[in-house]
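Chemist: the following block contains a protein sequence and its predicted model.
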Amino acid sequence: MGHARKQVPDSDALLQHEMPVGAALAYEKGQTIFSQGDFPDSVFYVRQGGIKLTVVSNQGKEAIVALLEAGAYFGQGCITGQLLQTATATAISFSSLLRIPRKEIMQRLQKDRNFSDDFVSYLISHAFKIEEHLIDQLFNSAEKRLARALLLLAHYGEEGSPETVIPRINQEELAEMIGTTRSRVSIFMNKFRKSGLIDYDDNGLHVRSSLLRVVLHD
């Protein structure tokens, strides 16, 4: 999910080697990288910033399916022959990306063992996170899902020190992420704040490790 880490991923150096002119792109907050239904022809790598992937149903209902941060790939459906983009990719902050055309990434996967290992490792990790997200949606309450989303945004449970202060995120986006209403998110956030599990200041949202109690509580 969602925001740039302080450490630059190793993938960055691997990808920049012999990248074609024009591969490096920059997007302002709110800009669209590609839209649901577009033809997929490239894989993107997030060097800096954050990207959200959203899906709109036939009934017009929108849901956030992923928040991606520095070190993430997206658009990899083009490798498998996917005919249409299944989601819309939008920058949630100023973002620096590398665009890798399908032909280029296929060549790299075949010829560059280091890049291939890095890319496959990411895909496996990403698939595991999707599985966790589905289990979370099926079996946990909206309150637990919100607590887990906030902890993930703060990188609790990952290698290195967690970023206990995260930029403010729209409550409507949080509601879309966890599959509930904005009003319920507001109720839960107020509850977390009154319990000392989160706090706000000018720097953003502070997430305390004690929020884990909400996730672990039966």
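Modeler: Done, it's in. Computed from a prediction, not measured in an experiment: that's the story for all the values here.
Chemist: and the longest helix for the protein?
Modeler: Ranked by number of residues, the top helix in the chain under DSSP state H is helix 113-139.
Chemist: for whatever helix or strand comes next after it, what is the distance to the chain centroid?
Modeler: Counting by DSSP states H and E, the next helix or strand C-terminal to helix 113-139 is helix 142-153. In terms of Cα atoms, centre = their mean, to the nearest Å, the centre of helix 142-153 is found 14 Å from the chain centre.
Chemist: what about the helices in the protein?
Modeler: Counting by DSSP H, one finds helices in the chain at the ranges 10-16, 102-111, 113-139, 142-153, 171-178, 182-194, 212-216.
Chemist: any chance of those in TSV, plus mean pLDDT?
Modeler: Listed next are the helices of the chain as TSV, based on pLDDT from 0 to 100:
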stretch	mean pLDDT
helix 10-16	58
helix 102-111	90
helix 113-139	78
helix 142-153	85
helix 171-178	82
helix 182-194	92
helix 212-216	80
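Chemist: quick check: angle from the longest helix of the chain to helix 142-153?
Modeler: When axes from the mean of the first three to the mean of the last three Cα atoms, to 10 degrees is applied, the directions of helix 113-139 and helix 142-153 differ by 160 degrees.
Chemist: helices and strands around helix 113-139, which ones?
Modeler: Under the contact definition 3 or more Cβ pairs under 8 Å, 6 or more residues apart in numbering; DSSP states H and E, helix 113-139 sits against helix 10-16, strand 73-74, helix 102-111, helix 142-153. Quick note: C-beta positions are derived from backbone N, CA and C, even for glycine.
Chemist: need the winner for burial among these.
Modeler: helix 142-153 (a mean of 22; mean count of other Cβ atoms under 10 Å).
Chemist: give me the helices and strands touching it, please.
Modeler: Applying 3+ Cβ pairs under 8 Å, 6+ apart, one finds that helix 142-153 contacts helix 113-139, helix 171-178, helix 182-194, strand 204-207, helix 212-216.
Chemist: ok, 10 Å please
Modeler: strand 62-69, helix 113-139, strand 165-166, helix 171-178, helix 182-194, strand 204-207, helix 212-216 (3 or more Cβ pairs under 10 Å, 6 or more residues apart in numbering; DSSP states H and E).
Chemist: so the protein: which segments form each domain?
Modeler: As recorded under automatic domain parsing, the domains making up the chain are 10-136, 140-216.
Chemist: Leu152 reaches Glu132, doesn't it?
Modeler: Yes. Counting by Cβ atoms under 10 Å, Leu152 does reach Glu132; the two are 9.3 Å apart.
Chemist: any idea how far stretch 197-209 is from the chain center?
Modeler: 20 Å.
Chemist: that one spans what distance, first to last residue?
Modeler: For stretch 197-209, the first-to-last residue distance is 8 Å (Cα to Cα, to the nearest Å).
Chemist: and it, which residues are buried?
Modeler: With burial defined by 16 or more other Cβ atoms under 10 Å, the residues of stretch 197-209 counted as buried are Leu197, Ile198, Leu205, Val207, Arg208.
Chemist: which one of those sits closest to Tyr156?
Modeler: For these, the minimum distance to Tyr156 (Cβ to Cβ) is 7.5 Å, reached by Val207.
Chemist: and the closest residue to that closest one other than its chain neighbours, how many neighbours?
Modeler: Closest residue in space to Val207, ignoring its immediate chain neighbours: Ala154 at 4.1 Å, by Cβ to Cβ, 6 or more residues apart in numbering. Per other Cβ atoms under 10 Å, the neighbour tally for Ala154 reads 23.
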